[in-house]
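S.K.: Got a predicted structure here, sequence first:
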Amino acid sequence: MSRAEKNRLQRLVARLPETRILVVGDLMLDQFIRGGVSRISPEAPVPVVQVRSECFAPGGAGNVAHNLAALRARVEVVGLVGADEAGRKLVGDLSAQGIETRHVVRAPDRVTSQKCRVIAEHQQVVRFDRETPRPLPEAAQARILRSLAAAMPRAQAVLLSDYGKGVVTPRVLKAAIAGARRRGVPVTVDPKIEHFGLYRGVDCITPNTAEAWAGMGRRPSPPALDALGWDILKRLRSRSVLITRGPDGMSLFERGGRLTHIPTRAREVYDVTGAGDTVISVLTLALACRAGLRDAAALANYAAGIVVGKLGTAVAGAEELREALR
C-alpha cells in the first residue's frame with residue numbers, strides 16, 4: 001500500500017470516534033479458562049489442565065459492540081439475554097464500556113448464550129456451550145422489533161451480527177434492512193449460513209470462505225472463488241460482498257464489476273477467535289463515516305491483522321490502527 005493510501009486511512013481513523021452504530025444480533029458471553037498441562041488423566045485419555053486464570057468477555061454481537069467501543073464509536077445494542085447471572089454479567093460488561101444496553105431484551109425462559117473455552121498454553125483443549133436451542137417465541141421477537149424501531153432513528157449505520165442463536169429472525173432482518181434503507185444509512189451483515197438468502201439489499205455481507213461456499217450450497221473449489229463472489233452479489237442484490245480468506249487476505253466484490261484482492265496484514269497469527277467480528281465492526285464504522293468500500297475494507301483488513309496476533313476474543317484500538325498504518 002502506498003504512503004498516500006496509508007495517509008488517507010489515517011485520516012479515516014481520526015473520523016471514527018463518536019459515530020453512532022446500531023448493532024443487532026446474538027449476544028453471547030465468552031469465558032476463557034487458561035492453564036498448563038503436564039500429565040494425562042488416569043480416569044480417561046484426556047489432558048489434565050492446571051488452571052492458572054479465568055476471564056470473561058462479551059462474545060458474538062457483544063464482541064462486535066466491544067470492537068466498536070474500542071474505536072470510541074457510540075454503540076447501541078439490540079439483542080437478547082436470559083434472566084440469569086451470565087446475562088447480568090454480559091450486560092454489565094457492555095455498559096461498563098459505554099455501550100447503550102437499554103434495548104437488550106431479558107427473556108426469563110432462555111439462558112444467555114455462553115461459550116467456555118479451556119486453553120492449555122496456546123492450544124484450545126475443549127469448548128463447551130450453553131444456549132437455548134428453541135426458536136425465539138413470538139412475544140420476545142415482538143419486543144426485539146420494538147427495541148429496533150426505538151433505536152433506529154439514532155443510527156448512522158446498522159450492523160447485523162447473526163450467530164444463529166435466535167435473535168436475527170426473518171422478521172427482524174426485514175425490519176432492520178428496511179429501516180436502514182428508509183434512513184439512507186449503510187447496513188452490513190456478518191452472515192449465518194442458514195439465513196444466507198435473507199440478506200437481500202444489504203450494503204455489504206462479510207462471509208469467510210467456508211461460509212460463502214456453504215451459503216450458496218456449493219462445494220469448495222478455490223479456482224472458482226471469483227465466480228462465487230459475483231454470484232453472491234447477484235443473488236443478494238447487495239452493494240458489495242467481502243469474502244475473508246484467512247492467510248490469503250480478503251476479496252471485495254462491488255456492484256459495477258470491480259474486484260479488489262487485499263493481501264493479509266497479519267504478521268503473526270496466535271488466535272483467530274473474533275477476527276470476523278473485528279472485520280465487520282471496522283468496515284461498518286468506516287462506511288458510516290462515508291468512506292468508500294475499498295478504504296473501508298482495507299482498514300478492516302489492518303484491524304484483523306492486529307487482533308489475530310492476540311490471544312482470545314480481542315479488539316483493535318485506534319492507536320494500534322494508527323501504528324499499523326505508519
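M.R.: Perfect, I can see it now.
S.K.: Give the buried residues for stretch 22-41.
M.R.: For stretch 22-41, a neighbour-count test (16 or more other CB atoms under 10 Å) marks 22-35 as buried. Where C-beta positions appear, they are placed from N, C-alpha and C, glycine not excepted.
S.K.: Also stretch 160-167?
M.R.: Buried-residue list, stretch 160-167, by 16+ other CB under 10 Å: 160-163, 165-167.
S.K.: Can you show me the helices along the stretch 51-200 of the chain?
M.R.: Using DSSP state H, counting those that start in this stretch, the helices of the stretch 51-200 of the chain run over residues 61-70, 85-96, 138-151, 170-183.
S.K.: Quick check: closest non-adjacent residue to residue 131.
M.R.: Distances taken as CB to CB, 6 or more residues apart in numbering place residue 113 nearest to residue 131, at 4.5 Å, with adjacent residues excluded.
S.K.: Closest to residue 175 out of the buried residues of stretch 160-167?
M.R.: Lowest distance from residue 175 to the buried residues of stretch 160-167 (CB to CB) belongs to residue 160, with 10.9 Å.
S.K.: What are the neighbouring residues in contact with the spatially closest residue to that closest one that is not a sequence neighbour?
M.R.: Take residue 160 and drop its neighbours on the chain: the residue closest to it by CB to CB, 6+ apart is residue 189, 4.1 Å away. Under the criterion of CB atoms under 8 Å, 6 or more residues apart in numbering, the neighbours of residue 189 are 159-160, 162, 199, 202, 204-206, 280.
S.K.: could you dump the buried residues of stretch 160-167 to JSON lines with distance to residue 233?
M.R.: Below are the buried residues of stretch 160-167 laid out as JSON lines (distance: CB to CB, whole Å):
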{"residue": "160", "distance to residue 233": "17"}
{"residue": "161", "distance to residue 233": "21"}
{"residue": "162", "distance to residue 233": "19"}
{"residue": "163", "distance to residue 233": "23"}
{"residue": "165", "distance to residue 233": "27"}
{"residue": "166", "distance to residue 233": "28"}
{"residue": "167", "distance to residue 233": "26"}
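S.K.: now, which of those lie within strands?
M.R.: Counting by DSSP state E, the part of the buried residues of stretch 160-167 found in strands is 160-161.
S.K.: So residue 132 is in contact with residue 110, correct?
M.R.: Yes: using CB atoms under 8 Å, residue 132 is in contact with residue 110, at 4.1 Å.
S.K.: Mutual contacts of the two, please.
M.R.: With CB under 8 Å, 6+ apart as the test, residue 132 and residue 110 both reach 82, 166.
S.K.: Nearest residue to the middle of this structure?
M.R.: The centroid of the chain falls nearest to residue 277 when counting by CA atoms, centre = their mean (2.5 Å).
S.K.: Pull the stretch of helix or strand that one belongs to out as CSV, backbone CA atoms only.
M.R.: Using DSSP states H and E, the element containing residue 277 is helix 275-288. Provided in CSV are the C-alpha atoms of helix 275-288 (Å, rounded to 0.1, in the frame of the first residue of the first chain):
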residue,chain,number,x,y,z
ALA,A,275,-11.5,-11.8,13.8
GLY,A,276,-14.7,-11.8,11.8
ASP,A,277,-16.3,-9.5,14.4
THR,A,278,-13.4,-7.1,14.0
VAL,A,279,-13.7,-7.0,10.2
ILE,A,280,-17.5,-6.3,10.2
SER,A,281,-17.1,-3.7,13.0
VAL,A,282,-14.4,-1.6,11.4
LEU,A,283,-15.9,-2.0,7.9
THR,A,284,-19.3,-0.7,9.2
LEU,A,285,-17.8,2.1,11.2
ALA,A,286,-15.8,3.3,8.2
LEU,A,287,-18.9,3.1,5.9
ALA,A,288,-20.8,5.2,8.5
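S.K.: ok and that helix relative to helix 61-70, angle-wise?
M.R.: In terms of direction (axes from the mean of the first three to the mean of the last three CA atoms, to 10 degrees), helix 275-288 departs from helix 61-70 by 50 degrees.
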